[in-house]
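*Asks:* could you look at this predicted model? Sequence included:
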Amino acid sequence: MNFTIISSVVTVISLFVFLGILYWAFSSGNKERFEKLARLPIENENGK
């Protein structure tokens, strides 16, 4: 195999990994969990 084919395969794999991360981040199942984590610094009573 030459470098061009390997580079193309790695690029396609990277694209699918990126799309999977986007799907995971914006899926409705994680919305409540992410909102809870976003409120955590505000709800901390020590301010740390």
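*Replies:* Great, that's in hand. Numbers count the residues shown, from 1 in each chain.

*Asks:* can we go C-alpha only for contacts and neighbour counts from here?
*Replies:* Will do.

*Asks:* where's the spatially most central residue of the chain, which helix or strand?
*Replies:* The centroid of the chain falls nearest to residue 21 when counting by CA atoms, centre = their mean (3.8 Å). Residue 21 belongs to helix 3-26 when assigned by DSSP states H and E.

*Asks:* ok, now residue 37?
*Replies:* For residue 37, the host element (DSSP H and E) is helix 31-43.

*Asks:* for the protein, which spans come out with low pLDDT?
*Replies:* 45-48 (pLDDT under 70).

*Asks:* rerun that using 90 as the cut-off
*Replies:* 1, 25-48 (pLDDT under 90).

*Asks:* go through the helix holding residue 37 and flag the buried ones.
*Replies:* The neighbour-count check on helix 31-43 (16 or more other CA atoms under 10 Å) flags nothing as buried.

*Asks:* off-centre distance for that helix?
*Replies:* Offset of helix 31-43 from its chain centre (CA atoms, centre = their mean, to the nearest Å): 16 Å.

*Asks:* swap in stretch 7-21?
*Replies:* Mean C-alpha position of stretch 7-21 versus that of the full chain (CA atoms, centre = their mean) differs by 13 Å.

*Asks:* for stretch 12-31, same thing?
*Replies:* Worked out by CA atoms, centre = their mean, stretch 12-31 lies 6 Å from the chain centre.

*Asks:* just the C-alphas of that stretch, formatted as PDB.
*Replies:* Taking Å, rounded to 0.1, in the frame of the first residue of the first chain, the C-alpha atoms of stretch 12-31 are listed here in PDB:
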ATOM      1  CA  VAL A  12     -12.500   8.300   6.500                       C
ATOM      2  CA  ILE A  13     -12.100   6.600   9.900                       C
ATOM      3  CA  SER A  14     -11.500  10.000  11.500                       C
ATOM      4  CA  LEU A  15     -14.700  11.300   9.900                       C
ATOM      5  CA  PHE A  16     -16.800   8.400  11.200                       C
ATOM      6  CA  VAL A  17     -15.300   8.900  14.700                       C
ATOM      7  CA  PHE A  18     -16.100  12.600  14.600                       C
ATOM      8  CA  LEU A  19     -19.700  12.000  13.500                       C
ATOM      9  CA  GLY A  20     -20.100   9.400  16.200                       C
ATOM     10  CA  ILE A  21     -18.900  11.900  18.800                       C
ATOM     11  CA  LEU A  22     -21.400  14.500  17.500                       C
ATOM     12  CA  TYR A  23     -24.200  11.900  17.600                       C
ATOM     13  CA  TRP A  24     -23.300  11.000  21.200                       C
ATOM     14  CA  ALA A  25     -23.000  14.600  22.300                       C
ATOM     15  CA  PHE A  26     -26.300  15.800  20.800                       C
ATOM     16  CA  SER A  27     -28.400  12.700  21.500                       C
ATOM     17  CA  SER A  28     -31.500  13.300  23.600                       C
ATOM     18  CA  GLY A  29     -30.400  10.600  26.100                       C
ATOM     19  CA  ASN A  30     -27.500  12.700  27.300                       C
ATOM     20  CA  LYS A  31     -29.300  16.000  27.500                       C
END
